[in-house]
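Asks: next input, structure requested:
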Amino acid sequence: MKTTKLLAVAISVLVSMCGYSQCLVVEWQKSLGGSYVEFATAIQEISDGGFIVIGSSDSDDGDITSNYFLHDWWVVRLDVLGNIIWQRSLGGSGAERAYSVDETSDGGFIIAGYSNSNDHDVIVNLGMRDIWVVKLSDNGEMLWQRSLGGASSETASSIQETSDGGFILAGTTNSINGDVTQNHGGEDYWVVKLDNGGELAWERSLGGSGADNAYSIQETSDGGFVVAGSSSSVNGDVTDNHGDRDFWVVKLDSLGNQVWQRSLGGSGWDEALSIQETSDGGFIVAGFSDSIDGDVTGNHGFMEYWVVKLDDGGGLRWQKCLGGSGSDIATSIDETNDGGFVVVGHSVSNDGDVSVNYGGSDYWVVKIDSNGELLCERSLGGGDQDIAKSIQKTNDGGFIVAGNSDSFNGDVTDNHGYGDFWVVKFSSAVSISTVDLHEFSVYPNPSNDWVNIELSNFQDASVSVVDAVGRVVVWEKFIAKQHLLDLTVLPDGVYLIRVQTISAVYSQKLILE
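Replies: Purely as a prediction, here's the structure:
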């Protein structure tokens, strides 16, 4: 039996969890890595309900079985609870970084980033850093790989399978030879279309004489593409610049020809890191801004999340600054099922829109409505640096987030050494209010070993048990209207029983004694 004091603390924690329940409840979190530095850059839910997460690794121990030298790509497939199914290091004796992943229609994966190796997994190097694209099977075996670029440096930031079975990628080039047929001066956006075997179909350089860096690309519903990043140019393809770097959004047709382009920002530094076509045919863009003029209003001071909604022709519908007086950088955005948006990045603020900071930088997750109004926000992390890079809504109505954590405390329950991949699964909105007992009931409660969960609509339903720090400790699928749940392995305490169906989420506090 737990003491009365411990029980009260646990209940308090659960009450705190329920304060977030309308938006941002943590189901589970996992640290992945070895004794050196790992940094996750992208995550995606895959067709079996699990996840694929990529980034870089310097380790050859812990969860990592091999390393060629320093920075390798590290690709990890997880199950629905974040447990490793398989993991794979890719690279050579130079430095490799993976930045983008997409599950492909054959059940495998396409990954893009850069490499400066010419050995081991990397067949050729065209000069300095090349874009490196790798196709994997569903079990992580390499099917093909392709280096792209010229004599200078190229980096791929975003890749996606296209409706014709090929691939579209966007990044940055400094070259004017090899695979690169044009350069406007300095760094250009480089957009590359590949066929399904990785052969070059077409490529386009976009920009001016300044620095133009593409970070995100997506195929659009009309068969074209939209790409976002930043530009400091005032010429070439760039018709306007507000000062320093601007968000620069370019719409292309299916052959890479420019349809329209739009610069957004103020006199400071404005950088777009994520773009997505929205359900109304427009676009949502997220990044950061330290401007207080031009298109930017509502900055709390220094760098802030800057979210911009565009119509289908690139016209500005609305914009929103989110953050506090510190540095707040948004890295990823996704539209939610209710027509709003969820944004992730990192924050060092503890004022303004940011309710708390645990030390250093924290993951900062923000839910906004369809007009950019703040619905809820949550900081996650520990006493060190925690930097989120990728967010995606999941099929159960929740969210999956990946990035890097250097922390050993707070929300981070495990760390293998220095920085780890840190993956956090958020549930969908949860209501703990009383529900119709004919629909959902849990008994006996309190219990000491087994509980019976009765659910009238049990098709495609699952049940999870969440402990007092937000970890999922049990997860099972329903197979009948009455589901008997074995909790004999759990210590006494206060838990949350959560039942997820296609149309609803039910929850109830459970006491084990």
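Asks: what bridges to residue 228?
Replies: Each beta-bridge partner of residue 228 is listed here, defined by DSSP bridges: residue 216, residue 249.
Asks: wait, it sits on residue 212?
Replies: No. Look at residue 228 against residue 212 with C-beta atoms under 8 Å: they stay out of range, at 11.4 Å. For the C-beta atoms, the positions are set from N, CA and C on the backbone; glycine is no exception.
Asks: got any residues that touch both of these two?
Replies: Taking C-beta atoms under 8 Å, 6 or more residues apart in numbering as the contact rule, the neighbours common to residue 228 and residue 212 are residue 248.
Asks: for the protein, what are the low-confidence residue spans?
Replies: When the per-residue scores of the chain are filtered using pLDDT under 70, the ranges that remain are 1-23, 428-438, 468-471, 502-504.
Asks: so which residues of this structure form helices?
Replies: Listed from the start of the chain, the chain has helices (DSSP state H) covering 4-19.
Asks: stretch 324-331: end-to-end distance?
Replies: 16 Å (C-alpha to C-alpha, to the nearest Å).
Asks: can you give me the buried ones in that stretch?
Replies: 324, 326, 327, 328, 329, 330, 331 (16 or more other C-beta atoms under 10 Å).
Asks: cool, and stretch 208-219?
Replies: Judged by neighbour count using 16+ other C-beta under 10 Å, the buried positions of stretch 208-219 are 208, 209, 210, 211, 212, 213, 214, 215, 216, 217, 218, 219.
Asks: ok, now stretch 505-513?
Replies: Residues of stretch 505-513 classed as buried by neighbour count (16+ other C-beta under 10 Å): 505, 506, 507, 508, 509, 510, 511, 512.
Asks: what's the closest of those residues to residue 301?
Replies: For the buried residues of stretch 505-513, the closest approach to residue 301 (C-beta to C-beta) belongs to residue 505, at 37.6 Å.
Asks: separation between the residue nearest the centre of the chain and residue 57?
Replies: Among the residues of the chain, residue 390 comes closest to the average C-alpha position under C-alpha atoms, centre = their mean, at 1.6 Å. Relative to residue 57, residue 390 is positioned 16 Å away (C-beta to C-beta, to the nearest Å).
Asks: and for residue 509?
Replies: For residue 509, the distance to residue 57 - C-beta to C-beta - is 40 Å.
Asks: now, which of the buried residues of stretch 505-513 lie within strands?
Replies: Per DSSP state E, strands hold the following members of the buried residues of stretch 505-513: 505, 506, 507, 508, 509, 510, 511, 512.
Asks: between these, which is nearest residue 143?
Replies: Of all these, residue 505 has the smallest distance to residue 143: 38.6 Å, by C-beta to C-beta.
Asks: distance of that closest one from residue 479?
Replies: Distance from residue 505 to residue 479, by C-beta to C-beta: 19 Å.
Asks: ranges for the strands of the stretch 51-200 of the chain?
Replies: For the stretch 51-200 of the chain, strands defined by DSSP state E, counting those that start in this stretch occupy the ranges 51-57, 72-78, 84-90, 96-103, 109-115, 130-136, 142-148, 154-161, 167-173, 188-194, 200-206.
Asks: would you mind giving those as CSV with distance to residue 361 and mean neighbour count added?
Replies: Rendered in CSV, the data for the strands of the stretch 51-200 of the chain read as follows (distance: least, C-beta to C-beta, whole Å; neighbours: other C-beta atoms under 10 Å):
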stretch, distance to residue 361, mean neighbour count
strand 51-57, 17, 28
strand 72-78, 22, 26
strand 84-90, 26, 18
strand 96-103, 20, 24
strand 109-115, 23, 27
strand 130-136, 29, 26
strand 142-148, 33, 18
strand 154-161, 21, 24
strand 167-173, 25, 28
strand 188-194, 28, 27
strand 200-206, 32, 18
